[in-house]
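# Turn this into a structure:
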Amino acid sequence: MISSYKTFTLTEQLTAEQIDFFNQYGFIHFKKFINPETVSSIIDASKQVQQKWIDNDLQKINGVPIKYGKDLDGSPIVQRFAFINQHHQTLSGLLLDPRFNSLLPLAGDEARLGTEEKDGMVFNHYINGPESKFTKMGWHTDGLRDIFYGAKLNPMLNVGIHLSTLQPENGGLKIIPGTHKQNIYQMLFRKKYFLDNKADPEEVSINPEAGDLTIHDGRLWHRVAESSIRGEESRRRVIYIPIIAGKYAPKNENSPTVFYQRFAGIVK
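Model prediction:
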């Protein structure tokens with residue numbers, strides 16, 4: 001059990017220490033992956049995509065439901081974008097950073113960034129206000145997705161690019177280190193998927209600064225805790241992009257909605 005953890009710097013090649021840390025705990029945290037100017041340009045790009053989607057009343061992207069919500073002033077916002085990398089050059093360009101290639105071996109041979117698979121690049125926008133619906137997410141593993149997709153449980157890692165600086169009171173990502181090594185039974189039944197949001201005595205808080213990058217194994221138990229702060233200070237934005245191994249399975253505008261995504265509030 002670890003209550004705090006070491007952070008690292010990401011270059012174009014992982015060190016043996018970084019690989020060992022990830023293999024042992026199932027996650028790793030890299031500081032200052034992108035600079036403040038890049039963070040601002042990504043947020044601006046998301047606002048442009050948001051306006052387009054609202055204006056066109058889009059409900060799904062490649063079969064994945066768009067999660068809409070209300071901002072503090074009651075205006076509509078997109079709180080979960082899927083495949084946002086396909087809708088703005090700033091976001092597709094971000095994925096050309098050569099440092100992403102250094103992360104691929106963590107998922108095994110023939111791993112790749114899932115730019116056209118699963119939900120593509122996901123952009124989450126959390127705000128804790130009077131009309132907020134997207135403020136937290138219960139315990140889950142991403143491995144369950146492969147079961148819903150009817151696929152073999154292949155390695156899948158989630159790369160998080162954090163666009164907000166979080167303090168513990170902001171809630172955010174909580175993980176249980178080492179649970180990526182659990183068996184299928186523990187993956188399915190250790191906790192009640194998405195319904196259980198209680199703190200776990202073994203959980204570790206990921207408290208990034210804007211610009212940091214984290215990566216966690218999809219088989220790891222994790223949740224998103226609700227901010228105890230309300231209003232503007234509770235606003236947090238984070239991008240997730242999957243690293244996938246196994247059969248290539250791209251999605252397009254004709255892709256069906258996956259069964260579990262029909263349940264509001266479940267997807268990340």
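# quick one: what helix or strand has the residue nearest to the spatial centre of the chain in it?
In the chain, the residue lying closest to the centroid (C-alpha atoms, centre = their mean) is Y240, at 3.5 Å. Counting by DSSP states H and E, the element that carries Y240 is strand 231-244.
# Relative to that strand, what are the paired strands and their orientations?
In the sheet, strand 231-244 lines up against strand 112-113 (antiparallel), strand 122-128 (antiparallel), strand 156-162 (antiparallel) (DSSP bridges).
# what's the following helix or strand after the last one?
What it means is strand 156-162. As assigned by DSSP H and E, the chain's next helix or strand after strand 156-162 is strand 172-175.
# that older thread, what about the strands paired with strand 231-244, which gets the closest to N207?
strand 156-162 (9.5 Å; C-beta to C-beta). C-beta: built from backbone N, CA, C; applies to glycine.
# quick check: mean pLDDT across the closest one?
For strand 156-162, the mean pLDDT works out to 95.
# likewise stretch 244-254?
For stretch 244-254, the per-residue pLDDT averages 88.
# again, but for stretch 29-48
The model assigns stretch 29-48 a mean pLDDT of 98.
# chain center to that stretch, what's the gap?
Its chain's C-alpha centre and that of stretch 29-48 lie 15 Å apart, by C-alpha atoms, centre = their mean, to the nearest Å.
# For that stretch, buried residues please.
H29, F30, F33, I34, T38, V39, S41, I42, I43, A45, S46 (16 or more other C-beta atoms under 10 Å).
# Need the CA coordinates for it. CSV is fine.
Coordinates of each C-alpha in stretch 29-48 appear next as CSV, following Å, rounded to 0.1, in the frame of the first residue of the first chain:
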residue,chain,number,x,y,z
HIS,A,29,2.5,10.3,-13.1
PHE,A,30,4.6,12.5,-15.3
LYS,A,31,5.0,16.2,-14.5
LYS,A,32,4.8,19.2,-17.0
PHE,A,33,4.0,17.1,-20.1
ILE,A,34,2.6,20.2,-21.8
ASN,A,35,3.1,23.9,-21.1
PRO,A,36,0.4,26.4,-19.9
GLU,A,37,0.0,27.9,-23.4
THR,A,38,-0.8,24.4,-24.9
VAL,A,39,-3.3,23.8,-22.1
SER,A,40,-5.1,27.1,-22.9
SER,A,41,-5.1,26.3,-26.7
ILE,A,42,-6.6,22.8,-26.0
ILE,A,43,-9.4,24.3,-23.8
ASP,A,44,-10.1,26.9,-26.5
ALA,A,45,-10.3,24.2,-29.1
SER,A,46,-12.8,22.2,-26.9
LYS,A,47,-15.0,25.3,-26.6
GLN,A,48,-15.1,25.6,-30.4
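# contacts for that stretch?
5, 7-10, 78, 81, 84, 88, 90-91, 94, 99, 123, 125, 161, 163, 206, 208-215, 237, 239 (C-beta atoms under 8 Å, 6 or more residues apart in numbering).
# In helices only, show me those residues.
Using DSSP state H to define helices, the subset of the contacts of stretch 29-48 located there is T90, L91, L94, R99.
# Out of those residues, which end up buried?
Among these, those that count as buried by neighbour count (16+ other C-beta under 10 Å) are T90, L91, L94.
# quick one: the closest residue to D119 other than its chain neighbours from H140, how far?
The spatially closest residue to D119, leaving aside those adjacent along the chain, is A82, at 4.2 Å (C-beta to C-beta, 6 or more residues apart in numbering). Here A82 is placed at a distance of 17 Å from H140 (C-beta to C-beta, to the nearest Å).
# what angle do the longest helix along the chain and strand 122-128 make?
The helix that spans the most residues within the chain, counting by DSSP H, is helix 36-55. Going by axes from the mean of the first three to the mean of the last three C-alpha atoms, to 10 degrees, helix 36-55 is angled at 90 degrees with respect to strand 122-128.
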